[in-house]
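J.: Got a predicted structure here, sequence first:
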Amino acid sequence: MKTDRRRFLASIAALGLAGCEALSTQDWVLKLLGVGEWLNYRLHRLLIPDGKLAREYGEADISPWFKPNGADDIPDPDYQALVKRNFEGWKLEIGGLVEKPLQLSLAELRALPSRTQITRHDCVEGWSCIGKWQGVPLGALLKQAGLSPKANFIVFHCADLHGSDQAPYYESIDLVDAFHPQTILAYQMNGQPLPVAHGAPLRLRVERQLGYKMAKYVMKVEAVESFAELGEGKGGYWEDRGYDWYAGI
Ligand SMILES: Nc1nc2c(c(=O)[nH]1)N[C@H]1C(S)=C(S)[C@@H](COP(=O)(O)O)O[C@H]1N2
Ligand SMILES: [Mo]
């Protein structure tokens, strides 16, 4: 028993030391996750190369119908007014721990180099759909804004509110996922402007994670040291309600 426990603790220590991320990120992550989830996170980060791509599919694989899930519209009159004028006047904010906060219109985002990918979306509820997404690599935007060395996570603030307490949807990812080549802020789905049901004007695609990480209706991107002070402190709307923060697949 004793040696088992010692071996278990030694392997935890090895996992912690093996990565070359800033130690502070690991400290935060360990503090915020349970040991089981943290081990899963460290194992993924250790065993899967940071830049390994999620599988991409062909045009013929695109699902004829992609199930909208969670919020599929936002009753807020300001949002409805934006929809009416095709998001004219809307700007994505990029702020927090950056040297140069940015505000980008949809036209400015569309003018930047983009990535297009056909990927499978897996919802934790057990369904999957394949869709084609086009958008701006998040890493390029973060480089433009100049991420502070203190930043450990990227938070996505969304426009939709849920439940009787009107809690805003939000999500967060680490910097490995933030700079992954398939992590994009998508404004186009299956060759059309992103529909309202799927998060217009802009939604996150973070292809190595489950569906609830893919924040729709993204209004603000914020670089933070810790997400402990946001919402209920677990790093996302569903995380605050018991889901794992690390939803790597
Ligand atoms: N802002 C926001 N983002 C969200 C949700 C939501 O309710 N609000 N639902 C999540 C869940 S659980 C899933 S499976 C996907 C669904 O994306 P889709 O509507 O394009 O299928 O969005 C995720 N992102
Ligand atoms: Mo989901």
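T.: Looks like it came in fine. Ligands and ions are numbered 1, 2, ... in the order given.
J.: Would you list the strands that the helix or strand where residue 223 lies pairs with, along with their directions?
T.: Using DSSP states H and E, the element containing residue 223 is strand 218-224. Paired strands of strand 218-224, with direction, are strand 91-96 (parallel), strand 153-162 (antiparallel) (DSSP bridges).
J.: Using CSV, lay out the ones you listed together with mean pLDDT, distance to ligand 2 and mean neighbour count.
T.: To be clear about C-beta, it is placed using only N, CA and C from the backbone, and glycine gets the same treatment. Output for the strands paired with strand 218-224, formatted as CSV (pLDDT from 0 to 100; distance: least, C-beta to the ion, whole Å; neighbours: other C-beta atoms under 10 Å):
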stretch, mean pLDDT, distance to ligand 2, mean neighbour count
strand 91-96, 98, 23, 18
strand 153-162, 98, 13, 21
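J.: Export those as a markdown table, with columns for distance to residue 110.
T.: Shown next, in a markdown table, are the strands paired with strand 218-224 (distance: least, C-beta to C-beta, whole Å):
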| stretch | distance to residue 110 |
| --- | --- |
| strand 91-96 | 11 |
| strand 153-162 | 19 |
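J.: out of those strands, which comes closest to ligand 1?
T.: Ligand 1 lies closest, by C-beta to the nearest ligand atom, to one member of the strands paired with strand 218-224: strand 153-162, at 3.5 Å.
J.: Return the per-residue confidence for the residue in the chain positioned nearest to ligand 1.
T.: Closest residue of the chain to ligand 1, C-beta to the nearest ligand atom: residue 70 (2.1 Å). Residue 70 carries a pLDDT value of 98.
J.: One more: residue 184?
T.: According to the prediction, residue 184 has pLDDT 98.
J.: and the closest residue to it other than its chain neighbours, how many neighbours?
T.: Spatial nearest neighbour of residue 184, chain neighbours left out: residue 135 (3.8 Å); criterion: C-beta to C-beta, 6 or more residues apart in numbering. Applying other C-beta atoms under 10 Å, we find 24 residues neighbouring residue 135.
J.: in what helix or strand does residue 135 lie?
T.: With secondary structure defined by DSSP H and E, residue 135 is part of strand 128-137.
J.: Which strand residues bridge residue 157?
T.: When bridges are called by DSSP bridges, residue 157 pairs up with residue 170, residue 220.
J.: ok, now which ones touch it?
T.: Counting by C-beta atoms under 8 Å, 6 or more residues apart in numbering, residue 157 touches 168, 170, 218, 219, 220, 221, 222.
J.: Show me which of these is closest to ligand 2.
T.: Ranked by distance to ligand 2 (C-beta to the ion), these are led by residue 170 at 14.9 Å.
J.: what sits against the closest one?
T.: 155, 156, 157, 158, 215, 230, 231, 236, 237.
J.: Let me know the distance separating the residue nearest to residue 184 from ligand 2.
T.: 19 Å (C-beta to the ion, to the nearest Å).
J.: so how many other residues sit close to residue 198?
T.: Residues near residue 198, counting by other C-beta under 10 Å, number 22.
J.: That one: what's its closest spatial neighbour, skipping adjacent residues?
T.: Of all residues not flanking residue 198 in the chain, residue 189 sits nearest, at 5.5 Å (C-beta to C-beta, 6+ apart).
J.: for residue 245, same thing?
T.: What sits nearest to residue 245 in space, not counting adjacent residues and going by C-beta to C-beta, 6+ apart, is residue 235, at 4.3 Å.
J.: could you check whether stretch 115-127 is close to ligand 2?
T.: Yes: Stretch 115-127 reaches ligand 2 (C-beta under 5 Å from the ion) through residue 123.
J.: and that stretch, which residues are buried?
T.: 115, 117, 118, 119, 120, 121, 122 (16 or more other C-beta atoms under 10 Å).
J.: Let's see which of these end up in helices.
T.: With helices defined by DSSP state H, no entry of the buried residues of stretch 115-127 lies inside them.
J.: which one of these is nearest residue 84?
T.: Closest to residue 84 out of the buried residues of stretch 115-127 is residue 121 (28.0 Å), distances taken as C-beta to C-beta.
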